[in-house]
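K.L.:
dropping the sequence and predicted coords here.
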Amino acid sequence: MSKIKILDESTIQQIAAGEVIERPSSIVKELIENSIDAGSDNIIIEIQDGGKSYIRVTDNGEGMNKEDIELAFKRHSTSKLQTVEDIYNVLSLGFRGEALASISSVSDVEVLSKTKNSDIGIQAFVKNGHVVESNSIGCPKGTTIIVRNIFYNLPVRQKFLKSSNIESNHISEIINKLALGNSKVSFKFIKDGNIILKTPQNNTLLNTIYSVLGKDYHKNLIPINYLVNDLKISGFISNNNLYRANRNHQYLYINGRYISNLNLSKIIEKQYKSLIPLNRLPVFILNIELSPNEVDINIHPTKQEVKFVNSEYIYNNITNIIREKLMPSVVVPEMKPFNNKGEDKNPLPELFDSLDYTDKIEDKKDEKDINIIVKDLALDTYTLDNYTGKKEVFSVVDEKEKLSNYNKKYLNISSNKSLYKDEVVVEQKIEDILLDIKPIGRVFNTYILAESKNENKLFFIDQHAAHERIMYEKYRREYENEKIITQGLLYPEVLQLTNQELDMVNENKDLFEKLGFILDEFGDNSIALRGVPMIFGEPKIKDLFLDILDGLSKNIKNNYETKIEKIMKISCTNAIKSGDKIDNLEIMTLFEDLKKCNNPYTCPHGRPTLIELSKKDIEKQFLRIL
């Protein structure tokens with residue numbers, strides 16, 4: 001007797017349903033997509049008990065007659081495809097003809113539907129893909145599908161369902177994704193009798209975002225509208241003031257269909273480097289419209305994973321438009337003035353896991369808390385050309401100063417790359433903010449005060465964050481132009497390393513040399529550091545190099561560019577610190593250097609370099625205005 005047997009139809013349907021219907025939110029997704037495909041512009045979703053006992057989706061679409069209902073619940077029956085070739089031109093959200101059959105095989109289904117040309121509607125009860133009862137009934141045009149007792153015949157699957165609250169959250173997430181991808185459709189979500197979400201009908205995406213995500217998103221978004229050949233990219237991206245700890249608020253759509261594409265997300269996130277804090281991610285809602293035959297959506301049952309025929313073309317255009325729109329829209333954070341209630345305590349995340357790169361303000365008892373320079377600092381008096389600052393941390397040495405500041409302790413050894421004759425001209429992308437303000441003093445030996453000439457605003461500039469940005473951009477610019485100058489140490493610094501650290505050095509030796517470090521093995525797990533990038537001035541060389549090794553060893557992928565970024569950011573911790581005293585001349589140099597940065601608004605780790613306080617906010621505190 002044969003061991004192999006043909007499964008009965010009921011078992012086949014339940015197994016197939018398990019691939020399509022994972023939980024109540026899967027049912028909601030399939031029913032809403034059917035409603036959208038039916039031309040609905042008003043969809044109401046009602047659930048009870050997290051959708052485990054009751055789901056109702058009502059639309060005002062085309063509706064179905066009795067024959068349509070009987071066919072709709074048969075497996076592989078669809079109105080959206082005729083041949084296999086149609087898959088590559090399909091624009092509807094659903095097309096396989098599996099969803100309704102799968103739903104009816106694991107739950108009790110009731111359908112009420114009426115077409116535009118019918119005088120009366122149809123009520124039908126469906127089990128396992130078969131209409132077991134039907135009646136004529138009065139109902140409005142469109143379709144209502146009620147699903148009860150999900151997984152009643154699969155008790156093991158029922159046990160894997162989470163609490164009603166968790167299942168409701170999954171449903172809410174699905175509705176949010178579909179609402180943001182279909183702003184012309186009105187959505188109403190009712191949970192246990194309470195309206196959770198209501199979006200306007202025939203409205204703009206921005207208003208839908210306001211309804212779904214709230215005003216904090218609404219006011220921090222940059223519009224995207226890009227068209228090249230047959231590719232259109234539209235939607236919104238966040239500015240540098242809006243970011244989250246995960247990708248839950250990143251919404252990508254292909255021809256209106258929500259997708260999950262990690263490569264696309266990472267390409268967009270890359271443009272936010274140094275604009276938002278480390279370990280934080282941007283928010284975006286983007287729809288990519290292209291010819292259906294340029295994308296394959298039939299590679300996963302949920303249709304959320306896609307493959308592009310020409311992915312590089314898509315990625316390059318995404319990169320270009322994000323870069324073009326993001327930098328001009330960088331905003332200066334506004335200070336929340338004098339919050340006496342102690343609200344909004346939300347400290348910045350640690351910028352690095354093991355190293356404290358966020359400079360802390362030291363409480364120096366022998367200094368006054370506030371040291372305001374009252375006089376005007378005469379913005380036009382000092383320039384970079386005639387600056388000879390006293391502190392090494394401000395010494396950014398070019399070829400004209402090879403030996404002037406280093407002949408006591410250093411021998412100058414240029415790298416084998418050609419030296420540059422003129423400073424690299426950086427494309428100015430800053431707005432008029434920094435061009436319109438002038439420094440007027442300092443407070444707490446940490447923050448430079450600057451006053452707006454025209455806008456009645458006061459700015460606080462973090463001297464440490466600003467100098468980190470200046471050093472980082474200059475270091476990166478020198479690297480990209482292969483013009484890093486190495487300063488040789490008169491007395492090599494010998495570092496004793498562990499086996500793991502020595503392996504890390506050997507693995508990245510070529511990278512260190514490209515970045516301006518000269519080092520040799522010294523035997524017995526030691527290395528001799530003979531040269532460092534001249535831009536660092538006189539750092540604590542041993543501590544700096546060990547910090548770089550620690551940074552490379554923690555959570556770092558084997559990616560050359562990523563390692564370069566990390567080394568540069570760690571190296572910039574040699575910038576001036578909070579609590580360091582700097583004079584008027586040094587303040588002006590710092591300010592002038594900051595204005596020349598491509599991105600003067602954040603440090604390399606994403607912290608703001610400056611924040612603003614308006615005259616109006618100050619006057620409110622003095623009760624001059626109400």
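P.N.:
Here it is on my side, so go on.

K.L.:
and the closest residue to residue 48 other than its chain neighbours, bridged to which residues?
P.N.:
Spatial nearest neighbour of residue 48, excluding adjacent residues (CB to CB, 6 or more residues apart in numbering): residue 54 at 3.9 Å. For every residue, glycine as well, the C-beta is placed using N, CA and C. Taking DSSP bridges, one finds residue 48, residue 148 as the beta-bridge partners of residue 54.

K.L.:
hmm, residue 61 is touching residue 33, no?
P.N.:
No. If you go by CB atoms under 8 Å, residue 61 and residue 33 don't touch, sitting 11.5 Å apart.

K.L.:
shared neighbours of those two, anything?
P.N.:
Shared contacts of residue 61 and residue 33, defined by CB atoms under 8 Å, 6 or more residues apart in numbering, are absent.

K.L.:
distance of residue 126 from residue 109?
P.N.:
Remark: distance between residue 126 and residue 109 (CB to CB, to the nearest Å) = 4 Å.

K.L.:
wait, I meant residue 202
P.N.:
30 Å.

K.L.:
how far away is the residue lying closest to residue 310 once chain neighbours are set aside from residue 229?
P.N.:
Among residues not flanking residue 310 along the chain, residue 294 sits closest, at 6.8 Å (CB to CB, 6+ apart). Computed with CB to CB, the distance linking residue 294 and residue 229 is 11 Å.

K.L.:
what's the answer for residue 40, then?
P.N.:
Residue 40 is 32 Å from residue 229, by CB to CB.

K.L.:
quick check: residue 552 touching residue 511?
P.N.:
No. Assessed by CB under 8 Å, residue 552 is found out of contact with residue 511, at 9.2 Å.

K.L.:
what about the two, which has more around it?
P.N.:
More crowded of residue 552 and residue 511, by other CB atoms under 10 Å: residue 552, with 20 against 14.

K.L.:
for that one, helix, strand, or coil?
P.N.:
helix (DSSP: H, G, I helix; E, B strand; the rest coil).

K.L.:
verify the stated contact: residue 306 with residue 261.
P.N.:
Yes. If you go by CB under 8 Å, residue 306 and residue 261 touch, sitting 6.6 Å apart.

K.L.:
more neighbours, residue 202 and residue 109?
P.N.:
residue 109 (25 against 10).

K.L.:
quick one, helices of the stretch 501-626 of the chain?
P.N.:
509-514, 541-553, 560-571, 584-595, 615-621 (DSSP state H, counting those that start in this stretch).

K.L.:
just to revisit the earlier point, between residue 126 and residue 109, what contacts are shared?
P.N.:
With CB under 8 Å, 6+ apart as the test, residue 126 and residue 109 both reach residue 73.

K.L.:
output the below-cut-off pLDDT ranges for the protein.
P.N.:
Segments of the chain classed as low confidence (criterion: pLDDT under 70) are 1-20, 76-97, 298-304, 335-432, 535-540, 553-573.

K.L.:
max-length strand in it?
P.N.:
strand 486-496 (DSSP state E).

K.L.:
roughly how far does residue 589 sit from residue 575?
P.N.:
Counting by CB to CB, the gap from residue 589 to residue 575 is 13 Å.

K.L.:
to clarify, my last question referred to residue 156.
P.N.:
From residue 156 to residue 575 the distance is 59 Å (CB to CB).

K.L.:
just want the most central residue of this structure.
P.N.:
Centroid-nearest residue in the chain, with CA atoms, centre = their mean: residue 282, separated by 2.2 Å.

K.L.:
show me what contacts it?
P.N.:
Contacts of residue 282 (CB under 8 Å, 6+ apart): 237, 238, 242, 243, 250, 268, 269, 272, 276.

K.L.:
repeat the analysis, applying 10 Å as the threshold.
P.N.:
237-240, 242-244, 247, 249-250, 265, 268-269, 271-272, 275-276, 322, 326 (CB atoms under 10 Å, 6 or more residues apart in numbering).

K.L.:
is it possible to mark the buried ones in the residues you listed?
P.N.:
237-240, 242-243, 247, 249-250, 265, 268-269, 271-272, 275-276, 322, 326 (16 or more other CB atoms under 10 Å).

K.L.:
related to what we said a few turns ago, mind checking the helices of the stretch 501-626 of the chain for the one nearest to residue 150?
P.N.:
helix 560-571 (44.6 Å; CB to CB).

K.L.:
if we can go back for a sec, what helices or strands is the longest strand of the chain leaning on?
P.N.:
Using 3 or more CB pairs under 10 Å, 6 or more residues apart in numbering; DSSP states H and E, the elements in contact with strand 486-496 are strand 410-412, helix 499-507, strand 518-521, strand 526-533, helix 541-553.
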